[in-house]
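Colleague: Here is the input, now give the coordinates:
(one chain, ligands or ions: 1)
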Amino acid sequence: MPRDFVIGQSHKTTRPILQAPLGSLTSPELVAAVSGAGGIGSLALTWTNPAAAAELVARVKALTPAPFMANFVLSFKPLALTAALEAGVPILTFSWGLPGALVRTAHSFGAAVGVQVSTVEGAQRALDSGSDFIICQGIEAGGHVQSSTPLRELLHAVIASAKGVPVVAAGGLGDGADIAEVIAMGASAAMLGTRFVASAESLAHPAYKASLLAAGKADTVLTGCFDGGWPYALHRVLRNATLTAWESSGSAPVGSRPGEGDVVVTTLSGEVIRRYSDMPPVSQMKGDPLACCLYAGTGVGKIKEVRPAGDLVKDLWASALLALGSP
Ligand SMILES: Cc1cc2nc3c(=O)[nH]c(=O)nc-3n(C[C@H](O)[C@H](O)[C@H](O)COP(=O)(O)O)c2cc1C
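Modeller: Below is the predicted model of the structure:
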């Protein structure tokens with residue numbers, strides 16, 4: 001039974017729990033807390049400018065000597081990639097596209113590479129380009145969902161084709177029993193996103209965190225509703241008034257959706273977020289945060305409290321070990 005998650009020669013972690021990149025909800029404190037507790041945290045640098053990305057990498061390094069990751073969604077140009085590598089990020093992950101030659105670039109800086117995939121063919125192509133590990137995303141995932149296949153089905157097939165390269169399971173994992181299940185299936189680690197949104201260090205608005213605690217599995221929906229900023233990419237969210245009104249309009253097209261153009265929240269600096277934006281609400285936004293895009297995976301029903309992320313890593317792995325029968 002795998003216990004340590006080892007990437008390449010140097011990155012070894014004692015608790016094989018990875019924090020998924022969480023877009024604008026990610027903080028250096030969250031990443032460092034997860035990595036410091038023996039898991040691996042992840043920055044989300046897709047929408048960050050190069051100078052700010054270098055600063056974020058430096059802040060995590062100042063907080064912990066442990067390895068951590070930075071993610072780039074390849075639907076967008078990875079503008080901060082070189083800056084992150086030059087700042088010394090030890091592990092990169094890519095999603096929504098295959099990195100191809102970017103793997104060699106990362107390796108030339110000594111960084112390891114993981115690629116999130118949703119098919120065996122995608123995994124194979126990622127491995128052919130030299131990726132050090134694969135992240136296998138199931139349709140249960142919160143946030144933007146590449147996958148159309150249930151996690152357990154896809155995981156079997158990807159592990160079988162990966163020829164010993166570590167495979168990380170992602171999508172709908174909410175507690176230690178879920179983590180134990182994918183480890184028992186042969187995954188080298190579990191990646192959790194929604195669970196870490198409901199952590200003390202995530203930047204999510206308190207009302208969003210509270211709605212995650214109150215929700216059950218049946219409250220998540222895979223939809224194209226919140227397409228502002230990233231069209232043509234399905235996402236799994238909590239049902240809310242914006243989604244219900246849109247569906248009640250017959251899922252009206254862009255330009256004639258209910259409440260389109262409404263400002264739903266305003267940031268401290270005065271930036272406005274409009275209805276149907278893909279931006280989730282962050283702390284200190286004013287307005288109606290629960291009308292925003294509330295990303296959540298199907299494991300949300302297992303989240304009962306907001307916890308410090310380091311405690312989460314330790315407790316999740318302790319209960320996974322119990323479920324595996326080897327405390
Ligand atoms: C709020 C939120 C933001 C996310 N942002 C990113 C991101 O920036 N890049 C990315 O590759 N995946 C992102 N994801 C998807 C995760 O990588 C991962 O596949 C997913 O969280 C796993 O499912 P779970 O949320 O059910 O644990 C995000 C997920 C959530 C919930």
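Colleague: So what pairs up with T223 in the strands?
Modeller: T223 forms beta bridges with H235, as assigned by DSSP bridges.
Colleague: Now do the contacts for it.
Modeller: The neighbourhood of T223, defined by Cβ atoms under 8 Å, 6 or more residues apart in numbering, consists of L234, H235, R236, V237, L243. Where you see a C-beta, it was placed from the backbone N, CA and C, and this is true even at glycine.
Colleague: Number of residues surrounding the first one?
Modeller: The burial metric for L234, expressed as a neighbour count using other Cβ atoms under 10 Å, is 15.
Colleague: wouldn't it be in contact with G142 here?
Modeller: No - shown here, L234 and G142 do not form a contact pair, counting by Cβ atoms under 8 Å, at 11.8 Å.
Colleague: So which residues on the chain come close to the ligand?
Modeller: Applying Cβ under 6 Å from any ligand atom, one finds that the chain approaches the ligand through 20-23, 25, 44, 46, 71, 73, 95, 116, 137, 140-143, 170-173, 192-194, 197, 280, 295, 297, 299.
Colleague: mind listing which of those residues are in helices?
Modeller: Judged by DSSP state H, the residues of the chain next to the ligand include T194, V197 as members of helices.
Colleague: which ones among the residues of the chain next to the ligand are found in strands?
Modeller: When DSSP state E defines the strands, the subset of the residues of the chain next to the ligand inside them is A44, N71, V73, S95, Q116, Q137, G143, A170, L192.
Colleague: now, among these, which is nearest to the ligand?
Modeller: Of all those, the one sitting nearest the ligand is G143; the distance, using Cβ to the nearest ligand atom, is 2.4 Å.
Colleague: Not including adjacent chain positions, what is the nearest residue to the closest one?
Modeller: When the adjacent residues along the chain are set aside, G143 lies closest to Y295, with 4.5 Å between them (Cβ to Cβ, 6 or more residues apart in numbering).
Colleague: Identify the bridge partners of the one you found.
Modeller: In this structure, Y295 has the following beta-bridge partners (DSSP bridges): V237.
Colleague: and it, what is it in contact with?
Modeller: Contacts here follow Cβ under 8 Å, 6+ apart; on that basis Y295 touches G142, G143, G193, T194, V197, H235, R236, V237, L238, P280.
Colleague: Report the buried members of the residues you listed.
Modeller: Buried residues within these, defined by neighbour count using 16 or more other Cβ atoms under 10 Å: G142, G143, G193, T194, V197, H235, R236, V237, L238, P280.
Colleague: the strands in the stretch 101-250 of the chain, which residues?
Modeller: With strands called from DSSP state E, counting those that start in this stretch, the stretch 101-250 of the chain shows them at 112-117, 133-137, 143-144, 167-170, 189-192, 220-223, 235-238.
Colleague: what about the shortest one, average pLDDT?
Modeller: Right, strand 143-144. Strand 143-144 carries an average pLDDT of 98.
Colleague: so what does that strand touch, helix or strand wise?
Modeller: In this structure, strand 143-144 packs against strand 235-238, with contacts taken as 3 or more Cβ pairs under 8 Å, 6 or more residues apart in numbering; DSSP states H and E.
Colleague: on contacts alone, who are the packing partners of the strand it packs on?
Modeller: If you count contacts as 3+ Cβ pairs under 8 Å, 6+ apart, strand 235-238 packs onto strand 143-144, strand 220-223.
Colleague: Report the rounded mean pLDDT for that strand.
Modeller: The average pLDDT for strand 235-238 rounds to 98.
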